[in-house]
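J.: Structure of the sequence below:
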Amino acid sequence: MWLNNKQVTDSAIYLYRASLLSSCPNHIVIDNLFDQAKLDDVMRVLQQPHYWQTQKHTYSALYVDNAQWQKTSNDQRFVQRDVWQPEAVSSNKVSSKIAQDFLSFLRGDEFMSVLSRIFNVPLTDMNVANPDINTNYFRLGATDFVEQHADDSPGREVCMLLYLNKAWNNNAGGELVFIGQDDEPISIAPLYNRCVLFDPSSKGSEHWVQTLNTEYADNYRYNVTSWYWSE
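T.: Reported below is the predicted structural model:
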């Protein structure tokens, strides 16, 4: 229902895996992986402003409050962005259902099976304490940032980024940048229905997000981030 079946045939999976293994970092970019009409419905939910709350991380602590944030030097602040929190708006549970359904799909057997085939590793939430917090929507505004960091963690096999930005201007910024190798970073534009999958333990997988250009300050950069573990 959610997947574009043309993008998950056996031959497509074979090509994804070959591309994954030959790249540094081990990553692939898949455009139009999901049903676009259904993503359009999701975006209508995400564009409602009352679902969002600012999230801040430092290199030494995640989910810091404003008091901690103010005590932290600028070079130790690595994430400031908005996170989707539909549970904070009890009167809108029905209208947010399709967006929640998509997050559930991304942690369901069908999609995790696709990822398992691409990465040739069994993925499961069996030993994940709170799977739901590992798949969510985020947005970046002109004053937000995601600085260089690594997503590697024991047992974490796959990181997924899905971009939800229609008619994204090439000059707006917001590119995902992998450090890559030999001083040749890899830059990926956050285009609508573009999915980036990567092995967070592979060489060159440290990454950051280019800040948004101020002339596009009224625009948000939307994405889904999801992390997956093996047994």
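J.: any weak-confidence spans in this protein?
T.: 88-94 (pLDDT under 70).
J.: quick one, helices of it?
T.: 10-21, 36-46, 66-71, 97-106, 109-119 (DSSP state H).
J.: Which positions in the first one come out as buried?
T.: Pointing back at helix 10-21 there. Residues of helix 10-21 classed as buried by neighbour count (16 or more other Cβ atoms under 10 Å): 12, 16, 20. Quick note: C-beta positions are derived from backbone N, CA and C, even for glycine.
J.: Repeat that for the third one.
T.: When neighbours are counted by 16+ other Cβ under 10 Å, no buried residue of helix 66-71 is found.
J.: Alpha carbons only: can I get that helix in CSV?
T.: In CSV, the C-alpha atoms belonging to helix 66-71 read as follows (Å, rounded to 0.1, in the frame of the first residue of the first chain):
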residue,chain,number,x,y,z
ASN,A,66,16.8,25.4,27.5
ALA,A,67,18.8,25.8,30.7
GLN,A,68,21.3,23.1,29.6
TRP,A,69,21.4,24.6,26.1
GLN,A,70,22.3,28.1,27.3
LYS,A,71,25.2,26.6,29.3
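J.: so who does residue 224 touch?
T.: Neighbouring residues of residue 224 by Cβ atoms under 8 Å, 6 or more residues apart in numbering: 102-103, 106, 135-138, 160-162, 164.
J.: Go again with 6 Å.
T.: 137, 162 (Cβ atoms under 6 Å, 6 or more residues apart in numbering).
J.: bridging residues for it?
T.: Residue 224 forms beta bridges with residue 137, residue 162, as assigned by DSSP bridges.
J.: Tell me the spacing between it and residue 60.
T.: 26 Å (Cβ to Cβ, to the nearest Å).
J.: could you measure residue 111 against residue 162, distance?
T.: Relative to residue 162, and taking Cβ to Cβ, residue 111 is found at 11 Å.
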